[in-house]
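>>> give me a model of this one.
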Amino acid sequence: MANKRAHSRLASPAQLYGEPNNQPPPTTASAKTNPPSSIPTGRAEEIQQVSSYFLDGPSERRMFVLHGAEGSGKTWIARRFIDLMHDKFTDVVYIDASSIEKIAYSLRSCATTQRLDQRDKNIIEYLEGSQQPWLLVFDNVDDPNISLSDYIPTTSNGKILIITCDRDLSFLAWDELPSCHISRLPRKDALKLLSNTSQQLGTCVIDEEEGASKLVKELDCFALAVVQAGAYMRQRACNATYYHQIYREKRQELELSNTIQAVMNDHHKAAYTTWRINFEHLSPHATQLLHLITFIDYDRISQDIFRRARENLTECTPVIQFNEQDIDTENWVKGFLDSFCDKEGNWDSQKFLLLMEEISAYSLVEYNKASQTYSQHRLTHAWARTIIPDPSLARARIARILALSVGLDKTTEGITFRQNLVTHIDEIIRQVQEVDVNNAARYAIAYQEGDRPELTLQLHDKMLEKVRQQLGEEHTSTLGIQANVASTYGKLGRWAEAEALLEKTLDSVKRTLAKDDPAVLAIMSHLASMRLVRGQLDEAWALEMEVFEISQRNMTPEMASAVGLGNLKNLSSICLVRGQWQEAEALQLRLLEICRDALGEDHLDTISCMESLAETYAQQHQFDKAETLQRKVLEARMAILGDKNQKTMNAMHSLAQTLSGLNQAEQAEEMQTRLLALSQETLGLTHPDTLSNLDALASTYGEQERWDEAEPLYALALAGRRQHFGDEHPHTLSSMNNLAIAYIHLGRLEEAKELQEHLILHRTRIYGEGHPDVLTGINGLAMTHLQLGELDKAEELQLKAVEGRKEALGPDHPRTLTSMRNLAHIYMKQSRVSEAEELELELLNTSKRIYGRYHGKTLDSMAALSGIYQRQGKLKEAEMMQLELVDALREAAGEAHPATLASMSRLAQIYERQNRWSEAEALTKKIDEHVEAIMAEPEVVEAEHDEYKG
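As a prediction, this is how the structure comes out:
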């Protein structure tokens, strides 16, 4: 990042992502007057130690460790340091490192804040690409099984603060990191903390310093214990001496009952005692609520969990029938949630907030204003589970509440809520041996939307086994879960398994439900999508057309709309793969109309429809129409997602390609160069999105025949993708293909051949022999053998490409026709002119039928056939074909167009070969009147190499 303007959407001067404190992140307005992090005070010496190490030393990357007992105030020191020094950092990122899942959640949350794609490592890659000072905080680094180094940016700048309870830090795999041990508070700081936390209505109720001094000494000056004691004193309006007496009595009681023996050190014994005092003074209703939240994650506890659960009570149909215990749980949950409703049965937020205020007043939870959620201290969160009378009952109740909260609404708020819910679901699942089937059905929805396919599959597999046992193989619930399993297989790239399971499900569901049932149509459409992915275009098309006809004929408008939207998308996708641009355009126009009517012009789905339609226009060389739509798409993506999101960058790339098609090469290159610079600046050179933009700029150079500039960029993109994705990822194979094209244009044919052979090998292993991408590779390799003079091998491969494309794509597909033309070219090189003539005649008739007389492919066939006739000495046939070509070019492009003039020149040569000198001379004179030099026609072979570009 060259300057802070690159962070126009970040809070200035620093933005705290994933912040743990109870204050909003700094904003432009409040940056200079940011209030304290929370009530605790003091620790000036420790804060100064962190500050001096990070800010007084060199600008290189530095790491510092805060370690000490749980509850000693380590996190508060980090928060206070951020409050005081936030103007020294462009970005501040907070990661909860207590588990792999929490790290992933923190990273995804930070990526969302930065409007980056939600891959786990995206925010780390973002920091790696930043040249500005940043701070990365890892809190709760206490699990030796987590390799923290996997999440440390590999860069020479930035500061990293690690917070842990482990004194030796050996499991971090770093030796002798500078550190600071946090233990008890200094007596002065402990007294000030007690004073601050025990205030009521602005009046300090500490009666005398001696009583307060004795109390903090008894509490071992331990921060968590002091805060909890102060909270009780404030809530009960008592002084330090009175509280000290209560504390001693409770401590003695706990020690006599051996309850406290599980708490190892004096610090924690003090904190546990103060916590028990506070816990036991809660009202019964507040105690019930605290019992529930104790069994979910300690952070990001929201009112929305309970509100949404209440709203979904009547809509959440069980997958299998409730047993007696389930009924008891459901009834208790309903009664508990109803207690937060008014007389009309509507949710009353004030009732919930008042109850949480009671719990918060005793310092048993903390409110986070930024996220409007609550959190528990990790110690008290763990302790609470040990004193609940029936933990399994409380766990079952909150598990059901979580499941009920997972609604089916597709609003942005609903999806965001479910994505945030997964950490709580993770915590529940960790505690039980077997997840309840009815709950698992809802949890799987949240996991699926949170892009957790492995966990989704685990839940679906367990559900499927249970439901099959209880309901049978062909029950609608069994078949629905079976379809979900297949869907998850698809997301994991297990396409063959997905297709087989969908076929089995479809056979069963057709026996169970009516043919026009939405569930039947949805599975048919899903199976068609899977076949499309696997290159089975005819089968995919037949299924989708059947869905289309049934849905339009038999279903209500509402049902047709629900099924029809996905159906139209799939049909247009098949048309695009088949090269049926006009059919795809018609379907996409209809789809865009539906989205505009149902969702509005600015909805992301509407924007995606525009983007697809623009691509179809571009494929048909209708660049003016494409540009208009692409500018709308880019403007909308910039407004909604920002310029750093990959979807926005994709829109910029598409527009750049269209500008290139409009012969606005300078503008296209300028946009691609800007795109690459933006990506490299925000994400770093090795980031996958940067590699995509590197590849795109190379393509722009290639379109301008600047292959010497394109080749090193393609090579860099391939090396980066190999390292990041491995050899068989589609992105890596795309780069391999593009580099092979560059080698061909640079005459480095042996290197190109080697890459193409690797490409075919990998794609065959992934997709199978008949997949269109495999056939594209075979077609390209055949043409490389042709240029190397290896004609027999070229023929063998090109015949395979022709037959394969006819079977996979159909005889009229543009790629099939290209392979046929290339085969004809090979025949010509082998002097098998009659076979070449036969192929070119077939191509000409097909092109006229599909594209019309004036299309480029039709004109190419005319030119090729005219050349073949000349080679055979059939000059009259050559003349007739060349005359037809000249007439078509005159009508399509005008007589002065270079292509028309070149064809007229060829016609003059045919006249000369027939000794018709006067006609040849007249035609040549006519050409000279238009232009001094005659432009040569482009080679068919080179055009073909661009055709299969990845």
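
>>> domain-wise, how is this structure divided?
4-182, 198-281, 285-451 (automatic domain parsing).

>>> pipe these into a markdown table and attach mean neighbour count, mean pLDDT and distance to Asp773 per row.
No exception for glycine: its C-beta is placed from N, CA and C like everyone else's. Below are the domains of the chain laid out as a markdown table (neighbours: other CB atoms under 10 Å; pLDDT from 0 to 100; distance: least, CB to CB, whole Å):
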| stretch | mean neighbour count | mean pLDDT | distance to Asp773 |
| --- | --- | --- | --- |
| domain 4-182 | 19 | 69 | 24 |
| domain 198-281 | 19 | 81 | 60 |
| domain 285-451 | 18 | 90 | 25 |
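
>>> what's the closest of those to Pro518?
Distance to Pro518, taken as CB to CB, is lowest for domain 285-451 among these, at 14.5 Å.

>>> before we move on, the earlier item: in CSV: the domains of the chain, plus distance to Leu629.
Listed next are the domains of the chain as CSV, based on distance: least, CB to CB, whole Å:
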stretch, distance to Leu629
domain 4-182, 23
domain 198-281, 58
domain 285-451, 24
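
>>> Ser734 is nearest to which of those domains?
domain 4-182 (18.2 Å).

>>> quick check on the closest residue to Arg890 other than its chain neighbours: phi, psi?
The shortest distance from Arg890 to any non-neighbouring residue, by CB to CB, 6 or more residues apart in numbering, is to Thr900 (5.8 Å). Phi and psi for Thr900, reported as degrees, to the nearest 10, are phi -60, psi -50.

>>> what is the burial count for Thr900?
A count of nearby residues for Thr900, using other CB atoms under 10 Å, gives 23.

>>> that one contacts Leu885, correct?
No - with contact defined as CB atoms under 8 Å, Thr900 does not count as touching Leu885 (9.1 Å).

>>> contacts for stretch 820-840?
Contact partners of stretch 820-840, identified using CB atoms under 8 Å, 6 or more residues apart in numbering, comprise 779, 782-783, 786, 791, 794-795, 798-799, 801-802, 842-843, 860-861, 864-865, 868-869, 871-872, 940-941, 944.

>>> just the buried subset of the residues you listed, please.
Buried by 16 or more other CB atoms under 10 Å: 779, 782-783, 786, 791, 794-795, 798, 801-802, 843, 860-861, 864-865, 868-869, 940-941, 944, out of the contacts of stretch 820-840.

>>> hang on, Ser72 is in a helix, isn't it?
No - assessed with DSSP: H, G, I helix; E, B strand; the rest coil, Ser72 is coil; it does not lie in a helix.

>>> these two touch, right, it and Asp220?
No - counting by CB under 8 Å, Ser72 does not reach Asp220; the two are 10.3 Å apart.

>>> can you list residues touching both of the two?
Contacts common to Ser72 and Asp220, judged by CB under 8 Å, 6+ apart, are 184, 267.

>>> not counting its neighbours along the chain, what's nearest Met530?
That would be Glu499: by CB to CB, 6+ apart, it lies 4.7 Å from Met530.

>>> the stretch 801-950 of the chain: helices as residue ranges?
Under the criterion DSSP state H, counting those that start in this stretch, helices of the stretch 801-950 of the chain are mapped to 814-829, 833-851, 856-872, 875-893, 898-913, 917-930, 940-947.

>>> so of those helices, which one's packed in deepest?
With neighbours taken as mean count of other CB atoms under 10 Å, those reach their highest mean count in helix 814-829, at a mean of 23.

>>> and that one with helix 856-872, angle?
On the basis of axes from the mean of the first three to the mean of the last three CA atoms, to 10 degrees, helix 814-829 is oriented at 10 degrees to helix 856-872.

>>> now Leu289: closest residue in space, sequence neighbours ignored.
Leu355 (5.7 Å).

>>> for Ala715, find the nearest of the domains of the chain.
domain 4-182 (20.8 Å).

>>> now do the strands in the stretch 351-500 of the chain.
For the stretch 351-500 of the chain, applying DSSP state E, counting those that start in this stretch gives strands covering 366-368, 373-375.

>>> returning to what we had before: quick check: the residue nearest to Met530 vs Val509, distance?
15 Å (CB to CB, to the nearest Å).

>>> ditto for Leu194
Applying CB to CB to Leu194 and Val509 gives a distance of 67 Å.

>>> when those two are compared, which one has more neighbours?
With neighbours defined as other CB under 10 Å, Leu194 and Val509 compare such that Leu194 has more, 27 against 23.

>>> helix or strand: which one has that one?
helix 187-197 (DSSP states H and E).

>>> list the helices and strands whichever helix or strand comes after that helix packs on?
Tracing the chain past helix 187-197, the next element assigned as helix or strand by DSSP H and E is helix 209-218. Judged by 3 or more CB pairs under 8 Å, 6 or more residues apart in numbering; DSSP states H and E, the packing partners of helix 209-218 are helix 187-197, helix 240-256.

>>> ok and the longest one relative to helix 187-197, angle-wise?
So the one you mean is helix 240-256. Using the same axes, to 10 degrees, helix 240-256 lies at 100 degrees relative to helix 187-197.

>>> what packs against helix 240-256?
helix 209-218, helix 223-236, helix 266-279.

>>> mind running it again at 6 Å?
Applying 3 or more CB pairs under 6 Å, 6 or more residues apart in numbering; DSSP states H and E, one finds that helix 240-256 makes contact with helix 209-218, helix 266-279.

>>> rebuild these as TSV, extending it with distance to Ser339.
Below are the helices and strands packed on helix 240-256 laid out as TSV (distance: least, CB to CB, whole Å):
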stretch	distance to Ser339
helix 209-218	37
helix 266-279	20
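
>>> and these: which comes nearest Gly642?
helix 266-279 (43.7 Å).

>>> can you pull the contacts of the residue nearest to Arg890?
889-890, 893 (CB atoms under 6 Å, 6 or more residues apart in numbering).

>>> how far away is the closest residue to Ala498 other than its chain neighbours from Gln458?
The shortest distance from Ala498 to any non-neighbouring residue, by CB to CB, 6+ apart, is to Tyr489 (3.7 Å). According to CB to CB, Tyr489 stands 13 Å off from Gln458.

>>> compare neighbour counts for those two and give me the winner.
Counted by other CB under 10 Å, Tyr489 and Gln458 do not tie: Tyr489 has more neighbours, with 22 against 17.

>>> quick check: the gap between the more buried one and Glu465.
16 Å.

>>> do Leu290 as well
36 Å.

>>> quick check: closest non-adjacent residue to Ser349.
Ser349 sits nearest to Gln303 (CB to CB, 6+ apart), 6.5 Å away.

>>> who are the contact partners of Ala696?
Shown in contact with Ala696 (CB under 6 Å, 6+ apart): 653, 672.

>>> so it, which of the three states?
Looking at Ala696 with three-state DSSP, the answer is helix.

>>> show me the shaky parts of the stretch 651-800 of the chain.
Applying pLDDT under 70 to the stretch 651-800 of the chain picks out residues 681-683.

>>> show me where it has helices.
All helices of the stretch 651-800 of the chain, identified by DSSP H, counting those that start in this stretch, fall at 665-683, 688-703, 707-725, 730-745, 749-767, 772-787, 791-809.

>>> returning to what we had before: distance to Ala542 for the helices and strands packed on helix 209-218 - can I get that in a markdown table?
Output for the helices and strands packed on helix 209-218, formatted as a markdown table (distance: least, CB to CB, whole Å):
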| stretch | distance to Ala542 |
| --- | --- |
| helix 187-197 | 72 |
| helix 240-256 | 73 |
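
>>> no further queries at this time; thank you.
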